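Undergrad: Curious how this folds, go ahead:
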Amino acid sequence: MNHTPRTRTVVSCIVLVTALGAGVTACGSDGNPLADRPYDAADVITFNGDIGEGKPVDPDKPLEITADGDDRITDVTAQDSAGRYVPGELAADGSRWHSTAPLAANAHYTVTVSTEDDNGAPGRKVLAFDTSKPASRKRLTVTFGPHTGTYGVGQPITAQLDQEVKDKAQRAIVERALRVDSTPAVQGSWYWVSSKELHYRPQEYWPAHTTITVHSNLEGIRISDRLWGGPSKPVKITTGDRIEAVTDAAAHQLTYYQDGKAVKRIPVTTGRPGYDTRNGVKVVLEKAYVVRMRGSTIGIAAGSSDSYDLSVYYAARVTWSGEYVHAAPWSVGSQGYANVSHGCTGMSTANAQWFFNNIHPGDIVKVVNSRGHAMEDFGNGFGDWNVDWNKWGQGSALTKARTDGPSQADTVRLQPAAL
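TA: From the prediction side, this is the model:
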């Protein structure tokens, strides 16, 4: 829109804009502090939507302010009655300002806009408006894992959220309401894997034969203006014996421990150079009597010298990317002597059947002395136990970093095999 230029003699003017209004101090040529009072910028700025029309504004819509003609916006301050500021971005040419965070619902806002015309004269507009109540409140529900049942002592507890929670204060509300109780009681903590997923583990592996109950107290709790806690189904699991399968890739041997005692030593083959098995602690994800394994699933071109397409028996999965402990009758001659696989731990069919019958989801499978990369902490199974306990504490929205010693996963105390 066009407007009549306002010509003023400006001599060192200072405009102070506060959250709920603006105080102006200026000095004109005649010494009168009111001589250069800023003009009302009402006719040169435009608010978006219903703002300024006297009716509640939709809080889900951003706050946008534009300048017309040769005028430019120099500053915008938006604050609600609770003292919360609204962050925003101002275009380099001063033509537009927009909020970069959502407005609160059912709140009262005061917005102060400072402008400048083509002659450098300052303008000011103060506007107040209310936001409406949210049309519908989102409900945050939590799905806990694993399913009710019996698992190994390495099984982490998972909490999958159906809505993203990124703000740390809001995460603290959510985390405080997620309860994990165990008998016997152990120290543990949640770790925010992402804005929608948390994992819970003790400092050390769960004790054998522990009963663990998980539930949420979030229902009806306000997390943010438009997000409230909803109902969630509790989970109860138990742990069995402490089972750990430790593979020494350099010695080509897997030792099966039960409650700290070596029970069986098995000759194995692990990943050959270029396909080295991951080092570190893993957790059995699932078991299958037979699995079809194809090289194309790990990037090996069909028909190449490395390609394969096999039905593999007695397979215990430890990564989602395809690492298993399984029967490999084709490599029996190398088992105990050389690493020739594409990353899995292979053994004879008889040994694989025994291992399959004595390993369970949640049990520990650890690889040492491989030339491969370390097991991923998250995203490819459960590498949770490879995270130092101090670092694990930093992943919580509630607690500070812990300094009370290493994880049991780092100092596994096992009796040597005497077989």
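Undergrad: Can you measure across stretch 208-228, start residue to end residue?
TA: Distance between the two ends of stretch 208-228: 37 Å, counting by CA to CA, to the nearest Å.
Undergrad: And for stretch 258-275?
TA: Length of stretch 258-275, first residue to last, CA to CA: 29 Å.
Undergrad: Same question for stretch 284-301.
TA: Distance across stretch 284-301, first residue to last, is 28 Å (CA to CA).
Undergrad: Ok, stretch 313-332 next?
TA: One end of stretch 313-332 to the other measures 14 Å (CA to CA).
Undergrad: Repeat that for stretch 354-371.
TA: So stretch 354-371: terminal residues 27 Å apart, CA to CA.
Undergrad: Tell me which residues of that stretch come out buried.
TA: Residues of stretch 354-371 classed as buried: 354-356, 359-367, 370 (neighbour count, 16 or more other CB atoms under 10 Å). C-beta: built from backbone N, CA, C; applies to glycine.
Undergrad: Find the residue ranges of the protein scoring beneath the pLDDT cut-off.
TA: Applying pLDDT under 70 to the chain picks out residues 1-50, 52-53, 134-136, 296, 400-419.
Undergrad: As a check, name the ranges of all helices in it.
TA: Secondary structure of the chain (DSSP state H): helices at 168-177, 349-358, 389-394.
Undergrad: Could you list every helix and strand in contact with the last one?
TA: What it means is helix 389-394. strand 188-194 (3 or more CB pairs under 8 Å, 6 or more residues apart in numbering; DSSP states H and E).
Undergrad: still on that earlier bit, can you add distance to Ala121 and give the helices of the chain back as TSV?
TA: As requested, these are exported to TSV (distance: least, CB to CB, whole Å):
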stretch	distance to Ala121
helix 168-177	42
helix 349-358	83
helix 389-394	52
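Undergrad: wait, which of those is closest to Val284?
TA: For Val284, the closest of the helices of the chain is helix 349-358, at 10.4 Å, according to CB to CB.
Undergrad: Who are the packing partners of that closest one?
TA: strand 253-258, strand 261-267, strand 309-317, strand 324-327.
Undergrad: mind listing what the residue lying closest to Gly149 once chain neighbours are set aside touches?
TA: Of all residues beyond its chain neighbours, the one nearest Gly149 is Ile237 (6.0 Å), with distances taken as CB to CB, 6 or more residues apart in numbering. For Ile237, the contact set (CB atoms under 8 Å, 6 or more residues apart in numbering) comprises Pro146, Thr148, Gly149, Thr150, Tyr151, Gln155, Thr211, Ile212, Val214.
Undergrad: quick one: Ile237 and Val281, what's the gap?
TA: Ile237 sits 19 Å away from Val281, going by CB to CB, to the nearest Å.
Undergrad: And the strands in the stretch 301-419 of the chain?
TA: Listed in chain order, the strands of the stretch 301-419 of the chain (DSSP state E, counting those that start in this stretch) span 309-317, 324-327, 345-347, 364-368.
Undergrad: any idea which of these is most buried?
TA: Mean neighbour count, computed with mean count of other CB atoms under 10 Å, is highest for strand 345-347 among the strands of the stretch 301-419 of the chain, reaching a mean of 28.
Undergrad: packing partners for it?
TA: Using 3+ CB pairs under 8 Å, 6+ apart, the elements in contact with strand 345-347 are strand 324-327.
Undergrad: contacts for the strand it packs on?
TA: Strand 324-327 is contacted from outside by 245, 254, 291, 293, 312-318, 344-349, 351-353, 355, 359, 365, using CB under 8 Å, 6+ apart.
Undergrad: Which positions are bridged to the residue nearest to Gly149 in the beta structure?
TA: Counting by DSSP bridges, Ile237 is bridged to Gly149, Ile212.
Undergrad: same check, this time on Gly88
TA: Ser99.
Undergrad: how much space is there between it and Thr66?
TA: Distance, Gly88 to Thr66, by CB to CB: 13 Å.
Undergrad: now Ala78
TA: Using CB to CB, Ala78 is found at 15 Å from Thr66.
Undergrad: Got the phi and psi for Asp162?
TA: With angles defined as degrees, to the nearest 10, Asp162 sits at phi -90, psi 0.
Undergrad: burial count for it?
TA: By other CB atoms under 10 Å, 13 other residues sit near Asp162.
Undergrad: For it, which residues are in contact?
TA: Asp162 makes contacts with Leu140, Thr141, Val142, Thr143, Lys196, as judged by CB under 8 Å, 6+ apart.
Undergrad: what's the distance between it and Trp320?
TA: Asp162 sits 21 Å away from Trp320, going by CB to CB.
Undergrad: Overlap in contacts, Gly88 and Thr66.
TA: Trp97.
Undergrad: Surely Lys196 is in contact with Ala159?
TA: No: using CB atoms under 8 Å, Lys196 is not in contact with Ala159, being 9.3 Å away.
Undergrad: neighbour-wise, which of those two wins?
TA: Ala159 (24 against 15).
Undergrad: and the more buried one, bridged to which residues?
TA: As for beta bridges, Ala159 partners with Phe144, Leu198 under DSSP bridges.
Undergrad: so it makes contact with Phe144?
TA: Yes: between Ala159 and Phe144 there is a contact at 5.7 Å, judged by CB under 8 Å.
Undergrad: Pull up the overlap in contacts between these two.
TA: Taking CB under 8 Å, 6+ apart as the contact rule, the neighbours common to Ala159 and Phe144 are Val214, Ser216.
Undergrad: Next, the buried residues of stretch 380-390.
TA: Those would be Asn380, Gly381, Phe382, Gly383, Asp384, Trp385, Asn386, Val387, Trp389, for stretch 380-390 by 16+ other CB under 10 Å.
Undergrad: How far off centre is it?
TA: Distance, stretch centre to chain centre, for stretch 380-390: 14 Å (CA atoms, centre = their mean, to the nearest Å).
Undergrad: Ok, stretch 86-100 next?
TA: Using CA atoms, centre = their mean, the offset of stretch 86-100 from its chain centre is 29 Å.
Undergrad: just stretch 66-84 next, same as before
TA: 34 Å.
Undergrad: Compute the first-to-last residue distance for that stretch.
TA: Length of stretch 66-84, first residue to last, CA to CA: 23 Å.
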